[in-house]
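S.K.: Just to be clear, the model below is a prediction. Sequence and coordinates:
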Amino acid sequence: MSELATATRSPELALANLYERIADCPNCPLARTRTQTVPGAGSPTAEVMFIGEAPGQREDEQGRPFVGPAGRFLDELIGVAGWTRDEVYIANVVKCRPPGNRDPEPEEIAACRPYLDEQFAILRPKVIVTLGRFSMQRWFPDAAISRIHGAPRHLEDGRVVVPMYHPAAALHNGSLRDVIIEDFRALPGLLAEARAAEAARRDAQASGATIDDGPARPLPGQERLI
Ligand code: SF4
């Protein structure tokens, strides 16, 4: 679907159309082993989008992302930020389960990328939270999650991307639990910043003025990106 077509449909209709096409997708080898596709779930008007890695066994059975223990912890983390799962949007970089829960291959991630791009175009989230290394690589290639977790990157279009540990990491390593919780506590403030930046851009466009952002400077915590 073209960006124009996406922009002129309601988010609900556009997502429903996208889910139909994903359900029939034959574009990578994962199509042969999946039970069903797991396109994504949540509010069509969400301002915050979480991106995980790939469906696991339970997700493959139920067709929903982040069910099971990691999903329950993600629900708890979303609650720490003051939200519910129904208010945000959750998806994965690949929409079909890799056999045996192996890592998704680069070719599979590339084949599935247009669907994730379309989800971005439909939702236009103000804050994107990557969960784990596969979704992080898109914006933070070669970075180590242990060094950059929780540090926001502001994109040119005003969106904010925040790399986070995958919730499953805390299930394997209990010492990460408090780290992840603290990172999630910062999300409401980042959303408020993104909303303010968008409002300022709209006002500037309406008045015909240009915005001088001044020299780029790291936000609190962003120095960890370096
Ligand atoms: S993982 Fe993505 S590209 Fe591969 S078959 Fe599933 S929907 Fe299609």
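M.R.: Cool, the structure landed.
S.K.: ok, Glu193 - how many residues close by?
M.R.: 17 (other Cβ atoms under 10 Å). Every C-beta, even on glycine, is put in place using the N, C-alpha and C of the backbone.
S.K.: And Ile22, by the same measure?
M.R.: By other Cβ under 10 Å, the residues close to Ile22 number 19.
S.K.: Show me which residues of this structure are close to the ligand?
M.R.: 22, 25, 27-28, 30-31, 37, 94-96, 108, 111-112 (Cβ under 6 Å from any ligand atom).
S.K.: What is the helix or strand harbouring Ala194 packed up against?
M.R.: Element membership of Ala194 [criterion: DSSP states H and E] is helix 187-207. When contacts are defined as 3 or more Cβ pairs under 8 Å, 6 or more residues apart in numbering; DSSP states H and E, helix 187-207 sits against strand 127-131, strand 160-164.
S.K.: send the alpha carbons of the last one over as CSV?
M.R.: Just to be clear, that refers to strand 160-164. Taking C-alpha atoms only, strand 160-164 is exported to CSV below (Å, rounded to 0.1, in the frame of the first residue of the first chain):
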residue,chain,number,x,y,z
VAL,A,160,11.9,9.3,19.9
VAL,A,161,13.5,5.8,19.9
VAL,A,162,14.4,4.2,23.2
PRO,A,163,16.4,1.0,23.3
MET,A,164,15.4,-1.3,26.2
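S.K.: So which bits of whichever helix or strand comes after that strand are buried?
M.R.: Of the helices and strands lying after strand 160-164 in sequence (DSSP H and E), the nearest is helix 167-172. Of the residues in helix 167-172, 167-170 count as buried by neighbour count, 16 or more other Cβ atoms under 10 Å.
S.K.: Then stretch 196-209?
M.R.: Going by 16+ other Cβ under 10 Å, stretch 196-209 has these buried residues: 197-198.
S.K.: can you check stretch 43-57 too?
M.R.: When burial is assessed from 16+ other Cβ under 10 Å, stretch 43-57 yields the following buried residues: 43, 46-56.
S.K.: model confidence over that stretch, on average?
M.R.: What stretch 43-57 shows for mean pLDDT is 97.
S.K.: Pull the distance from it to the chain's centre.
M.R.: 5 Å (Cα atoms, centre = their mean, to the nearest Å).
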